[in-house]
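J.: 3D model of this:
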Amino acid sequence: MQFRSAVALLPVLISIFSLPIPQLAHGNDFEWTVKKSSWSAADERNYSKFVVSIGQAVEKRSCGNVNRCMHSPANPYRNTDPARLSFFADCADFPYFLRAYFAWKNDLPFGIASAMRAQKHKDNQDKDIRYTPFGNVVSSRMSFVPTWNDPVIITSVLNTLIPNYISTASFRTSAVGNDTGRLFSDFYPVKIDRSAITPGTNLYDANGHVGVIYKITEDGHAWYVDAHPDNSLTVGKFSTKFSRSNPFVGAGFKKFRPLELENADESWGGIFEGGDLVGVPNSRLRDYSYEQYFGTKGQPSHDWKKAQFIFKGKVVSFHDYVRLKLAGSNFRLDPVVEIKSTVAEICMNLKDRVTSVQLAIDRGINKLPYPVTMPENIYGSSGDWENYSSPGRDVSIKVLFKQIILTTEDHVRRWRERDPELVTDSVDLPRDLLNAYDAESANCQIQYKNSVGQAVSLNLEQVRARIFKLSFSPYDCVERRWGAEGAELSACSEDLEKREWYQGLQQLRNHTERDTEAKMNYTRSEYQKIIPGVGLELPTEVDVREHLQRL
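T.: Predicted structure coming up:
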């Protein structure tokens, strides 16, 4: 699926990466050959450069979805692709997609955990395997190393095998163990430092989303590129919207486990066939670490909830620890720069949402009637709901507004206490933060086309003021998707049934966190009342301006 709006292709300077460009030497251009028995350090560095190139192109808006990026200058291998090769990946598939494509282009071995089962635990019974509270274990594996009579075709891997066998359940494995034997896990957690968290490292959100790190900035931000069910690509940065979880779930920063090919036949031309793919155990991985779960001095026998993160002798929050560990040696915290950075990220998310909502409108999903009930859970579904709804995307934006409130409150407190780690010459920090927010908000302009084709412009603060009115349902008109009221809503031609659905789902829009366990498959009439354990009568306040004025 591609966006209708044309995106100008900005040049990406691939030459600086010096990635190896393979020649097409296969008998069939779609066949996968293996000429190396393992990934070398150079292969891993080149994989990182490949991910950097894709991420930078998305950040610069040179390309907006998987297919366009892979056919753009962001992909240094594009000119060696066979004709008619098209690309699609959602969030869980995308890391595997990148890894498999790179391995194919570089004659490397690769394989996947092709089936998962819930870890044996009483609280895991009858749970969606994507959201098991105590994680999963691998129950079968699949190798992409060909044999003499059974070739591996890249289109089958990218378009069928990965989409059919991979989900976010594949990432939901314990931080300890799962690394030996025939059924090893695909990932291992890494240390929190700049040498371990490199481009190509995966970032798993226990609420059911995955990104791939493509850059670490000097101010300690880990930026990721992620895919969505509509094939779109976006970028974001690690923040409090990625919460810690228990070690059985294995959320956080994790890399693909290195693979080694054993017992393979080496034919003429140095091509390997068959053999066994073996995962490198944690004990041999220099950057393996479980500190994300048990803290800087913790052990697996400790209670993960009591983990402490100590930086330069001071106990800090987990998210602050990640930031400080990833920052360059000269980093100092500037509160005004911080609020501008977060507003810029919100702005990016809103512009991506414009494209996503418009795609649903272009597909005519808003003209379809609502189903009899909501999906069993709005954050993990299938079909049109998975492809065109936006509950997870909308929650992420709300969380960023909450983050501004929490961080500015902390920064003002530290400023008043003359914290030497803050760098600012402000004599009135709350006022300067408010001015910075207002200026950045005014500069962030988004525009959507209403139901009669007229352009409607909003700035960031206007969207913030209606953030809990934004409909996540693809069956609503575009005005509802953007929280319109009054004259702005008049172009919407919804019927009574859709109006009642919109009103009833307000209790779900009031959430600022994903609830992936609640059963939400209620009818329109049932949603006319607040459903205990599912809905919220009132939203959490995210009024940034009022908060800053109060400070």
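
J.: got the domain ranges for the chain?
T.: Residue ranges for the domains of the chain, per automatic domain parsing: 26-326, 335-550.

J.: average pLDDT for the last one?
T.: Taken as a whole, domain 335-550 has an average pLDDT of 96.

J.: now swap in the longest one and tell me
T.: When pLDDT is averaged over domain 26-326, the result is 95.

J.: next one: S232 relative to V137, how far apart?
T.: S232 sits 32 Å away from V137, going by C-beta to C-beta, to the nearest Å. Quick note: C-beta positions are derived from backbone N, CA and C, even for glycine.

J.: higher neighbour count, these two?
T.: A direct count of neighbours by other C-beta atoms under 10 Å for S232 and V137 places S232 higher, at 21 against 18.

J.: pretty sure the more buried one contacts R68?
T.: No. S232 lies out of contact with R68 (C-beta atoms under 8 Å); the separation is 9.7 Å.

J.: give the closest residue to R480 in space, chain neighbours not counted.
T.: With sequence-adjacent residues excluded and distances taken as C-beta to C-beta, 6 or more residues apart in numbering, R480 is closest to S471, at 4.3 Å.

J.: for the one you found, grab phi and psi.
T.: phi -80, psi 130 (degrees, to the nearest 10).

J.: next up, the contacts around it.
T.: R480, R481, G483, Y502, L505, R509 (C-beta atoms under 8 Å, 6 or more residues apart in numbering).

J.: now L406
T.: L406 touches T240, counting by C-beta under 8 Å, 6+ apart.

J.: ok, now F87?
T.: V66, N67, M70, H71, F97, L158.

J.: nearest residue to the residue nearest the centre of the chain in space, please, no chain neighbours.
T.: Nearest residue to the geometric centre of the chain (C-alpha atoms, centre = their mean): G211, 3.4 Å. Leaving out its chain neighbours, the residue that sits closest to G211 by C-beta to C-beta, 6+ apart is Y224, at 3.2 Å.

J.: what's around that neighbour, how many residues?
T.: Other residues close to Y224 by other C-beta under 10 Å number 24.

J.: does it sit in a helix, a strand or a coil?
T.: strand (DSSP: H, G, I helix; E, B strand; the rest coil).

J.: can you give me the strands for the stretch 301-450 of the chain?
T.: 309-311, 314-316, 445-449 (DSSP state E, counting those that start in this stretch).

J.: do you know which of those strands lies nearest T373?
T.: Minimum separation from T373 across those (C-beta to C-beta) falls at strand 445-449, 28.4 Å.

J.: the helices in the stretch 201-350 of the chain, which residues?
T.: With DSSP state H, counting those that start in this stretch as the criterion, the stretch 201-350 of the chain has helices at 291-294, 318-326, 335-362.

J.: just those: most buried one?
T.: Mean neighbour count (mean count of other C-beta atoms under 10 Å) peaks for helix 291-294 among the helices of the stretch 201-350 of the chain, with a mean of 23.

J.: got the contact list for it?
T.: Against helix 291-294 from outside (C-beta under 8 Å, 6+ apart): 175, 189, 191-192, 244, 246-247, 252-253, 298, 300, 302, 304, 307, 309, 318.

J.: pull out the buried residues from those.
T.: Neighbour counting with 16 or more other C-beta atoms under 10 Å marks 175, 189, 191-192, 244, 246-247, 252-253, 298, 304, 307, 309, 318 as buried within the contacts of helix 291-294.

J.: any chance of those residues in a markdown table, plus distance to I378?
T.: Converted to a markdown table, these look like this (distance: C-beta to C-beta, whole Å):
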| residue | distance to I378 |
| --- | --- |
| A175 | 29 |
| P189 | 29 |
| K191 | 36 |
| I192 | 32 |
| R244 | 24 |
| N246 | 24 |
| P247 | 28 |
| G252 | 25 |
| F253 | 27 |
| G298 | 35 |
| W304 | 28 |
| A307 | 31 |
| F309 | 33 |
| F318 | 28 |
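
J.: quick revisit: could I get the strands of the stretch 301-450 of the chain as JSON lines with distance to F50?
T.: Supplementary listing: the strands of the stretch 301-450 of the chain in JSON lines, determined by distance: least, C-beta to C-beta, whole Å:
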{"stretch": "strand 309-311", "distance to F50": "32"}
{"stretch": "strand 314-316", "distance to F50": "34"}
{"stretch": "strand 445-449", "distance to F50": "31"}
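
J.: so which of those strands gets nearest N28?
T.: Closest among those, using C-beta to C-beta: strand 445-449, at 45.1 Å.

J.: and that closest one with helix 335-362, angle?
T.: 10 degrees (axes from the mean of the first three to the mean of the last three C-alpha atoms, to 10 degrees).

J.: for strand 445-449, name the packing helices and strands.
T.: Under the contact criterion of 3 or more C-beta pairs under 8 Å, 6 or more residues apart in numbering; DSSP states H and E, strand 445-449 touches helix 335-362, strand 455-459, helix 478-481.

J.: correct me, but the residue nearest to G211 touches V212?
T.: Yes. Y224 lies in contact with V212 (C-beta under 8 Å); the separation is 5.8 Å.

J.: and the closest residue to E338 other than its chain neighbours, how far from S245?
T.: Nearest residue to E338, sequence neighbours excluded (C-beta to C-beta, 6+ apart): T407, at 6.3 Å. Computed as C-beta to C-beta, the T407 to S245 distance reads 22 Å.

J.: for the stretch 51-200 of the chain, just list every one of the helices.
T.: Listed in chain order, the helices of the stretch 51-200 of the chain (DSSP H, counting those that start in this stretch) span 66-70, 93-105, 154-156, 162-165.

J.: what about stretch 474-487, how long is it end to end?
T.: Using C-alpha to C-alpha, to the nearest Å, one end of stretch 474-487 lies 22 Å from the other.
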